[in-house]
Structure formats: structure tokens, C-alpha cells
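Trainee: Got a sequence here, can you build the structure:
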Amino acid sequence: MRNGVQLITYADRFGGGDLSTIQHLLNGTLAGVFTGVHVLPFFTPFDGADAGFDPIDHTAVDPRLGTWEDIETLSRTHDVMTDLIVNHLSDESSQFLDFVDHGDASLFAGMFLERRTVFPGGALPEELQAIYRPRPGDPFTEVSMADGTHRTMWTTFTPRQIDLDISSDATHRYLMDVLDRFEAAGVNQIRLDAIGYAVKTRGTSCFMTEDTYDFIEDMDRAVAVRGMKPLVEIHSHHEDQIEVAERVDRVYDFALSPLVLHAIHTGSTDPLVRWLSVSPRNAYTVLDTHDGIGVIDVGPSGSRAGLLSSAQIDRLVAHIDEATEGESTLATGEGASNLDLYQVNSTFFSALGCNDHLYLFARLIQFLAPGIPQVYYAGLVAASNDMELLASTGVGRDINRPYISLEEITSNLKRPVVQRLLALIMFRNTHPAFTGTFRIDAPDDGEMRIRWITDDASIDARIDAGTRTFELDVTQGASRTTITSWDGFVAIR
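Mentor: Residues are numbered from 1 along each chain as shown. Below is the predicted model of the structure:
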């Protein structure tokens, strides 16, 4: 896997096409910009109840988007990441329909998790209350069987997504079949989606328990033995992220995004510096994703303090609301058909008031942080909130999931903010200091100094969140450059 910036994108929403469109963009208009790409779910169907995260057939490419040969072609030029959705399967999958038809006689009977499996004889109210959930209400759905009986299925996310029983042999075979299909197509990075919810243990929160950690390690090995790199996707307390990082190959740095916003909106870098001093070095860094801007990753949890206090998080959400002129509030929370309650829905560009300088300032911090940076397709073109799409679908997260045509991509690539972002990306991709040692310190709250050092190259960056200014001393061999403006990156591109 290459140490460069990766793109996160849907196949159908970027370029208005399919998998071949993404391949042509990455090797044409965007040639040399990205070393890898995370293609968000392209399975059958890609446009179901949860935008592809509810596969009917996880081993099949939706024919409207292309074939596995398209993925294989893309893998010849770029690192390719795909999602292994370990927690659930669509209620329209052949496996679940067979279970509905044949009940306990189905070959897939043990594959799907029923409430009674975890709570034989019934659950106490306090046991149900202890279950951690990403959406309001109980995580269960009553299903009518073909024989007229009813089963209560575990459905963590939506009633259309039936949770899997990971202790079942049928589930294990299913997950291994999906991994084998990915490996055959040349995929080399696997995102283990929603894995924190996958294990349900009575008497616990059913989220990030010791049993969960064991399962994460098992899946990490299953991916690695096939020559692929696993990425564990968990939105949780920052200490959980550190612990997971010690056990697996790669994790997300979800805390970075809200901490960067906090630093820019308040001028205080102390929480960001504290985090970057201890954050996992084996991370993928993101500012924006298809799920919006997470806040749970920096907040307190029970007796554990957060990187930000609850009051600071409230102020951050208010800052985003002000920057978006109320748009984020319309798309966030229990309204707008949201599947989760711990993320703010907005594009990252809009969360900074569509201010070119502040947006690039945030990206500079991301690219200077340790880890492999990823840039979401909406962020690549500095897209503002898509209020028309939100109004037409009523789905809050669609505010940050625009459909961008090829013509719009071409037009946006000419904007100064995007040109400068491309220059920043190329700087991150090519400067050898990013293969070296990372160091950070803070002269005072508001400033931070980030250094990357190898034997013959270095980057010494001074970042001032109060004045929103920066200065980079960049060396490579005998060459030395000082950069204090965005045009400085364009000049060395």
C-alpha cells in the first residue's frame, strides 16, 4: 500500500457514471493525484435502504455500475479499498428470504441474529436499556415467517438490515466467501464496516466489548492472510481507538475532523495537540466521509473524559450551524431520516462557511498529521451543502452526498481552492519527509509546531490557529524552501 492521499467516492455520484467512469477519472483528469481509492458499496443493490450498506448480494457488483473486471482494472493502477459489511445483510437477500420461508429448517437459520438468541427466556428492561444503539428506539424488528409465526430479529441500523450472528458457521462461511471474492478482484484494502456492533453479549452494551475485540482480531487475521490490509471502522471514545490500533493493522482517526474544526473556530489548538501527541500512527485520516462529521469520537463516555467536553462539543455544533446558516441543523439529529445521532451532517467546506482559506488550512493540518490521508469526493471539489438533494430525499446525510457530473467536475477543478488543494495533495504524495518521524509540540494554546524528519529531508511547520496562518520550512537534500501561502504549494507542484 502506497503512502499517499486516497479518494473516497461513490461509483454513481462522482462523474455521473459507473465504475469505469471512476477508473477513467483517476487515470485521466485526476492522473497522479490519488494513490488509492475507497469505492463505497457498489454491490447489489447500490441504492437500497442505506445507500449500498444493505447488500442483497455482497459478492455481486450491481450490473448498473459494472463488473468485477472493472474493479480488477482499477486495482492495476491504484490501491483499492472496499467494504466488508460484517454486521448485517439485507432483508431481501436470498439467505434471509430462505430463512423466512423455511425457518429453523433453512440452511441459513443460524446466520441471522434473533433477540432470543442473546436473551433466552426474555430480557430485563435494564439489559435492553444498556444496549448501545446508533438510532432511537429498540434495535429489534418483528418479522413474519412463511408459516405464520413471528420472529424478533436484531436490527441495529434499520429494519431492512438484519444483523448476522457472528458465532454461526454459516455467517463465517459467508464472510470468508466475500473476502475471497474481493481478493480475486485485486482489492488490497478492506474496510471492516460497523464491526463495533457485530458481537452481542448479554449483560453488556453489545458494543466494543472484550468479545468484540476478539472478533476484530479474528477478522483482521482473515483479511491479512489473503494478502489484503484491513481497516477497522469504529466511531467510539478515543481511548477505544487507541486500544484497537494496538491490536490491528489500521484504524480511522475520526477524532481529527472535529478537533480541526474546533481549533479553527475557537483558535485553540490544545485539544488537537494533545490528540496528535498520542493518536494512532497506523491510521487513515479523514475530515469528511459519506457519514458526515462525527462528534462522539472526541466526547466523554461514562467516567472517561473526552478530548472535548460536552460543552465544547455543543459549541462546536453551534459553530457549524452558524457557518452553514442553519443548514446543518436541518439535516442533523432525529429529523431528516437519520440513521445515527452522533454525527453532524454537512460538507466540510460548508462547515467552515465555504471559506477557501479556512478549508485549505484544515486540509494542511490533515496532511501534516500522521497516517494515510483520505479525501471524500465532495471535499475534493470543495462542495457546499446540497440543499436541493436534501429537500428531494428528506435524508439528512444526502446534504453531503451530492451527485456531481463530469461537466461539474471539470468546472470545479478550475476553481482556485481546488487547484490549491490538488497542489497540497501532490505535496503530501511526493515529499520524502512524510516517510520519516513525526513530532509535535505547542509553544502556546493557539500555535503548534509539526515536524517530519528523515536523514535527508524535513518539513518544519508552524501552524497558528488564532491568526489562521502557517509557515513551512521544507528541505530535500540541499534544497530549502519556505512556504507561507497557498501559491507556494502550487509553485512546487
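Trainee: Does residue 117 fall in a helix, a strand, or a coil region?
Mentor: The three-state label given to residue 117 by DSSP: H, G, I helix; E, B strand; the rest coil is helix.
Trainee: most centrally placed residue in the chain?
Mentor: Central residue of the chain (CA atoms, centre = their mean): residue 289, 5.1 Å from the mean position.
Trainee: where does it land in three-state SS?
Mentor: Residue 289 ends up coil, using three-state DSSP.
Trainee: residue contacts, it?
Mentor: Taking CB atoms under 8 Å, 6 or more residues apart in numbering as the criterion, residue 289 is in contact with 8, 374, 376. (C-beta placed from N, C-alpha, C; glycine too.)
Trainee: what do you get for residue 286?
Mentor: 8, 252, 253, 254, 256, 257, 366, 373, 374, 376.
Trainee: And for the second one, nearest residue in space, chain neighbours not counted?
Mentor: To tie it back to what came earlier, the one meant is residue 252. For residue 252, ignoring the flanking residues on the chain, the nearest one in space by CB to CB, 6 or more residues apart in numbering is residue 284 at 5.4 Å.
Trainee: what helices or strands is the helix or strand harbouring residue 422 leaning on?
Mentor: Taking DSSP states H and E as the definition, one finds residue 422 inside helix 416-430. Counting contacts by 3 or more CB pairs under 8 Å, 6 or more residues apart in numbering; DSSP states H and E, helix 416-430 is packed against helix 356-368, strand 372-376, helix 486-492.
Trainee: one more time with 7 Å
Mentor: Secondary-structure packing of helix 416-430 (3 or more CB pairs under 7 Å, 6 or more residues apart in numbering; DSSP states H and E): helix 356-368, helix 486-492.
Trainee: List the contacts of the shortest one.
Mentor: When contacts are taken as CB atoms under 7 Å, 6 or more residues apart in numbering, the neighbours of helix 486-492 outside the stretch itself are 360, 419, 420, 423, 424, 427, 481, 483.
Trainee: now with 8 Å?
Mentor: Residues contacting helix 486-492 (CB under 8 Å, 6+ apart): 357, 360, 419-420, 423-424, 426-427, 472, 474, 481-483.
Trainee: And the longest one, by the same measure?
Mentor: The contact list for helix 356-368 (CB under 8 Å, 6+ apart) reads 5, 256, 260-261, 263-264, 272, 285-287, 348-349, 352, 373, 375, 382, 416-417, 420-421, 424-425, 427-428, 450, 452, 459, 461, 463, 468, 470, 486.
Trainee: quick one: the helices in the stretch 301-450 of the chain?
Mentor: Using DSSP state H, counting those that start in this stretch, the helices assigned to the stretch 301-450 of the chain run over residues 310-323, 327-330, 348-351, 356-368, 377-380, 387-393, 406-412, 416-430.
Trainee: Any chance of those helices in JSON lines with mean neighbour count, distance to residue 70 and mean pLDDT as columns?
Mentor: Below are those laid out as JSON lines (neighbours: other CB atoms under 10 Å; distance: least, CB to CB, whole Å; pLDDT from 0 to 100):
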{"stretch": "helix 310-323", "mean neighbour count": "17", "distance to residue 70": "37", "mean pLDDT": "93"}
{"stretch": "helix 327-330", "mean neighbour count": "22", "distance to residue 70": "35", "mean pLDDT": "90"}
{"stretch": "helix 348-351", "mean neighbour count": "28", "distance to residue 70": "29", "mean pLDDT": "98"}
{"stretch": "helix 356-368", "mean neighbour count": "22", "distance to residue 70": "29", "mean pLDDT": "98"}
{"stretch": "helix 377-380", "mean neighbour count": "25", "distance to residue 70": "17", "mean pLDDT": "98"}
{"stretch": "helix 387-393", "mean neighbour count": "14", "distance to residue 70": "26", "mean pLDDT": "95"}
{"stretch": "helix 406-412", "mean neighbour count": "14", "distance to residue 70": "17", "mean pLDDT": "96"}
{"stretch": "helix 416-430", "mean neighbour count": "20", "distance to residue 70": "24", "mean pLDDT": "97"}
